[in-house]
Structure formats: C-alpha cells, structure tokens
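Peer 1: give the three-dimensional model of this entry:
(one chain, ligands or ions: 3)
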Amino acid sequence: MSKLEPVNITPGVYWVGVIDWNLRDFHGYETPKGGTYNAYLVVDEKIALIDTVKAPFADEMIRKIKQIVDPSKIDYVISNHVEMDHSGSLPAILEHAPNATLVTSSKGQSGLSSHYEESGCKNWNYQVVKTGDTVDLGKKTLMFIEATMLHWPDSMQTYLIEDGILFSNDSFGQHVATSKRFDDEVDDVMEDAAIYYANILMPFGGQVLKYIEKLRGLDIDIKMIAPSHGVIWRNGFEQIIQEYAKWASGKNRSKVLMIYDTMWGSTEKMAMEIAEAVRSKDVEVRLRHLRKNDWSMIIKELMDASVVAIGSPTMNNGMFFTIAGFITYIKGLRPKDKNFFLFGSYGWGGGAVKAMEKEMESARFVLAEESLQVKFRPYEDDLEKCREIGYRLAELAKKNANT
Ligand SMILES: Cc1cc2nc3c(=O)[nH]c(=O)nc-3n(C[C@H](O)[C@H](O)[C@H](O)COP(=O)(O)O)c2cc1C
Ligand SMILES: [Fe+2]
Ligand SMILES: [Fe+2]
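Peer 2: Ligands and ions are numbered 1, 2, ... in the order given. This is a model prediction of the structure:
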C-alpha cells in the first residue's frame, strides 16, 4: 500500500484531507478544475479531527491520520457542517474512535441524526456547542463560531486560538484540485474563490455581512483561514474577508452579460447585434451560449454584471429548456440590483418571452426594457431595434454600476 502523506500546517496541526482530481460536477455545479475535501488533525495532549471527507475517500483520510496518530486515540471529532462532502466519513472514523466526542452545533446534531441513522448516530457521543464555547486540548484551545446559513442552518466554524487558525468549513473555499496547500503557491485563487462564492453563497449576502461583523466583534487574531475546499489562506486571509464583504454587498460593474440559447441561430443573431451595440459604446459585454459554457462560470460573471439580457427561442409554446433551468437557478441565487432584458425568436404562436417574463416577475427581478420578439429570422428593421436596445443597455449598465 502506498504511503499517503499528511501535510504539516503549523506545529501540531495537519491537513489530512483528500484531493478529488476527477471531480467535474459537484451537485450540479461544474468543477473543471476538480476539488478537495479538507480535514484537519490537531495533535496536543488531546487529539481533535476537524471535519472529514466524502465517504468514498474515508480510507485515504484514515491512512493519512495513521501516519500521525493511531485513529483510536482521537478524543474529539468536530463536525462543522452536516453536508455529506464533510460528514461522509464520520461513520468510518467513529468506528475507529468509538469513544470520541462528536462536537457540533445544535442544528448539526439534528441534521447528522437524520443522515446517519443506519450508521448508529443515536449512540454517538454528541457535545452541542454554540458561538464562544471552547474545547481544551491541553496547550491548544478550540473555539466555535456559528455561521448560520453560510450556507446551511447547521454551518459552524472552529477557531484554534493559540495558532490563530480559522477552520471556516465551506466559507472561503474554492473547488480546485491541487497538490499545493496554500494560497500563495497557486494562481487564480481569488477567481476560484469568486466562482465558489457566486454559486454557493450568493443567496446569503445579508448573512455573510452579519457573520463578518460578528467575526470582527470576536476580536480574534486570525493568522490563517483553512477552509474545507481548496487551499489555505495564509497570505490573503484578510483580503478574502474583504472580498466576501464586497461580493455580499452586491457591487455591480458597468457590464452587460448576455445569456442565450438557440436552435437555428435567430436568437443568437439578435444577441450578437445587441452585444455589438453595447461594445460600440465602450461598455464591457459578454455573450454566453448556455450549452457551450459552464453555468458555474456564467454565474460568477453574473455576480457583478449590472445588466443581464436573456434570450430564448420558443420551443413547444414555451421557453427553451436550458433557459428555464437557468432562470430557476438564478431565482434561487437572488442576485442583487440587476436590470434584466428579455428577447427571443419564435415561429408562430410564440411563448418563450411571455414565459420568461412570468418567471422573472415572480422572482421580482427588474425588467429594464420592454422585451423584444422576432418572428423567425431577424431582418434589418429587427436588427436596428436590437442595436437601439443595445445602446440603451450600455447606458443603463453605466448608470446601474455601483463600484
Ligand atoms: C422543436 C421546435 C419546437 C418549436 N415550437 C414552437 C412553438 O411552439 N411556437 C412557436 O411560435 N415557435 C416554435 N418553434 C419555432 C422557433 O421558435 C423558431 O424557429 C425560432 O425562429 C427559433 O429561434 P432560434 O433560431 O433562435 O432557435 C419551434 C421550433 C422547434 C425546432
Ligand atoms: Fe456545504
Ligand atoms: Fe463543502
């Protein structure tokens, strides 16, 4: 059996997580760079494991732990989050360490009890904690910080006081598979963190701002942020908190994002004409065909766009199915302060634009312009209308920008 090496973070603190090189889809979110599930072992007079990994990787995590300590010696297992990418190997580790205390939030306990009944979760030794509670490991102390709705009701974080390490679980994560463990060793870390924020945390901007205020109020001296996905922030820990505050407050740039699908190219022709008019006014524009781009990347581009145009052909009296899926996705993500515009081509009775309008109105999204529909192919007079709309969207993008 090959030897799996844990990574020493600071004296007594180890990364015992796993790298999922082939992860390309994380519950529907495309992850072209793969991902990691981070678990951390804190070794002192007492031993604590902070979070675990997705169930299929349990053995890999346990083999890493064995390089450092006998897993049966673990005194505390901290479960910061019920979601299975972090709790999936709890049954396996608690089989090795049946007497360990399982530390979690109160919602954590109820969530774990729902998920792991068959694994004997009723017999686990729970210790329910809230913000400010601590666990003494000897020279090191763990303090817990509830991070409610970042991004589940049970979400919690663990702060190692003496070393200044915030184990932030999903917050501040990135989906990247890399053999490097620190932010200053990789490229594009802020971009990857933004994609992650946009797809996972965008709906919870209000809670993110409250959490940051709470974190500042705790008056703790953070020296490192160790999330449960991606690399550890030992250099940019202050910067990532500031970026979260910016993303959470919904700052929009002067940018038009155009999202569309097309069967025979008419809706695309309209999109291209609008985009060209926006560009001619020196406003940034991005054109994204929904079947040719990863949606997780489009969502990141949407996060700071001040204007979003959505184009759909009519198919069977309604909108094209990818558009319906995309609108459902953004309704849930609740992007802040955007101006929307809808357009599309139809053949006879139409229906796409009407169906889109209904969806957008139910989400209380602001429709900045009257929607534009074209029968079959857009001819010169239709293209002229597209250009005029493009000029107006460019103006709106500038006006609506707040950064
Ligand atoms: C499978 C299919 C179903 C369609 N259903 C409708 C429909 O119910 N009502 C309608 O007005 N047009 C319908 N159309 C016509 C398209 O909306 C029309 O061809 C439009 O110009 C396509 O735009 P596109 O080139 O952007 O794909 C349908 C076309 C296809 C291929
Ligand atoms: Fe999660
Ligand atoms: Fe996660």
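Peer 1: and the pLDDT for K251?
Peer 2: Looking at K251, its pLDDT reads 92.
Peer 1: count the neighbours of it for me.
Peer 2: By the criterion of other CB atoms under 10 Å, K251 has 16 neighbours. Glycine gets a C-beta too; all of them are placed from N, C-alpha and C.
Peer 1: how's this protein carved up into domains?
Peer 2: Domain assignment for the chain by automatic domain parsing gives 7-248, 257-398.
Peer 1: out of those domains, which is closest to ligand 3?
Peer 2: Between ligand 3 and those, the shortest gap by CB to the ion is with domain 7-248, which sits at 4.4 Å.
Peer 1: ends of the closest one, how far apart?
Peer 2: End-to-end distance of domain 7-248 (CA to CA, to the nearest Å): 32 Å.
Peer 1: the protein: helices as residue ranges?
Peer 2: Using DSSP state H, the helices of the chain run over 58-66, 84-87, 90-96, 106-115, 189-196, 205-217, 237-248, 266-280, 295-303, 321-333, 352-362, 380-400.
Peer 1: TSV for these, including distance to T36 and mean neighbour count?
Peer 2: Formatted as TSV, these follow (distance: least, CB to CB, whole Å; neighbours: other CB atoms under 10 Å):
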stretch	distance to T36	mean neighbour count
helix 58-66	11	20
helix 84-87	10	22
helix 90-96	18	19
helix 106-115	22	17
helix 189-196	11	21
helix 205-217	22	16
helix 237-248	17	17
helix 266-280	37	22
helix 295-303	16	21
helix 321-333	24	18
helix 352-362	36	18
helix 380-400	37	18
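Peer 1: tabulate the ones you listed (JSON lines), appending distance to S168 and mean pLDDT.
Peer 2: JSON lines is the format used below for the helices of the chain (distance: least, CB to CB, whole Å; pLDDT from 0 to 100):
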{"stretch": "helix 58-66", "distance to S168": "19", "mean pLDDT": "98"}
{"stretch": "helix 84-87", "distance to S168": "12", "mean pLDDT": "98"}
{"stretch": "helix 90-96", "distance to S168": "19", "mean pLDDT": "97"}
{"stretch": "helix 106-115", "distance to S168": "15", "mean pLDDT": "97"}
{"stretch": "helix 189-196", "distance to S168": "11", "mean pLDDT": "98"}
{"stretch": "helix 205-217", "distance to S168": "10", "mean pLDDT": "97"}
{"stretch": "helix 237-248", "distance to S168": "9", "mean pLDDT": "98"}
{"stretch": "helix 266-280", "distance to S168": "38", "mean pLDDT": "98"}
{"stretch": "helix 295-303", "distance to S168": "20", "mean pLDDT": "98"}
{"stretch": "helix 321-333", "distance to S168": "21", "mean pLDDT": "98"}
{"stretch": "helix 352-362", "distance to S168": "34", "mean pLDDT": "98"}
{"stretch": "helix 380-400", "distance to S168": "32", "mean pLDDT": "98"}
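Peer 1: ligand 2 is nearest to which of those helices?
Peer 2: Between ligand 2 and the helices of the chain, the shortest separation by CB to the ion is 6.4 Å, and it involves helix 84-87.
Peer 1: and the closest one, what does it pack onto?
Peer 2: Counting contacts by 3 or more CB pairs under 8 Å, 6 or more residues apart in numbering; DSSP states H and E, helix 84-87 is packed against helix 106-115.
Peer 1: rerun at 6 Å
Peer 2: The helices and strands touching helix 84-87, judged by 3 or more CB pairs under 6 Å, 6 or more residues apart in numbering; DSSP states H and E, number zero.
Peer 1: that one close to ligand 2?
Peer 2: No - using CB under 5 Å from the ion, no contact is recorded between helix 84-87 and ligand 2, whose separation bottoms out at 6.4 Å.
Peer 1: dump the residue contacts of V13.
Peer 2: V42 (CB atoms under 6 Å, 6 or more residues apart in numbering).
Peer 1: cool, L209 as well?
Peer 2: Contacts here follow CB under 6 Å, 6+ apart; on that basis L209 touches A248.
Peer 1: now F57: closest residue in space that isn't a chain neighbour?
Peer 2: Nearest non-adjacent residue to F57, counting by CB to CB, 6 or more residues apart in numbering: V18, 4.2 Å away.
Peer 1: what of A394?
Peer 2: In space, and not counting its chain neighbours, A394 is closest to K281: 3.6 Å by CB to CB, 6+ apart.
Peer 1: gap between that neighbour and L166?
Peer 2: 44 Å (CB to CB, to the nearest Å).
Peer 1: next: G311.
Peer 2: Relative to L166, and taking CB to CB, G311 is found at 43 Å.
Peer 1: who's more crowded, the two?
Peer 2: G311 (32 against 24).
Peer 1: report the beta-bridge partners for the residue nearest to that one when sequence neighbours are not counted.
Peer 2: Once flanking residues are discounted, G311 sits nearest to Y260: 3.5 Å by CB to CB, 6+ apart. Beta-bridge pairing for Y260 (DSSP bridges): H289, G311.
Peer 1: thanks a lot, catch you later.
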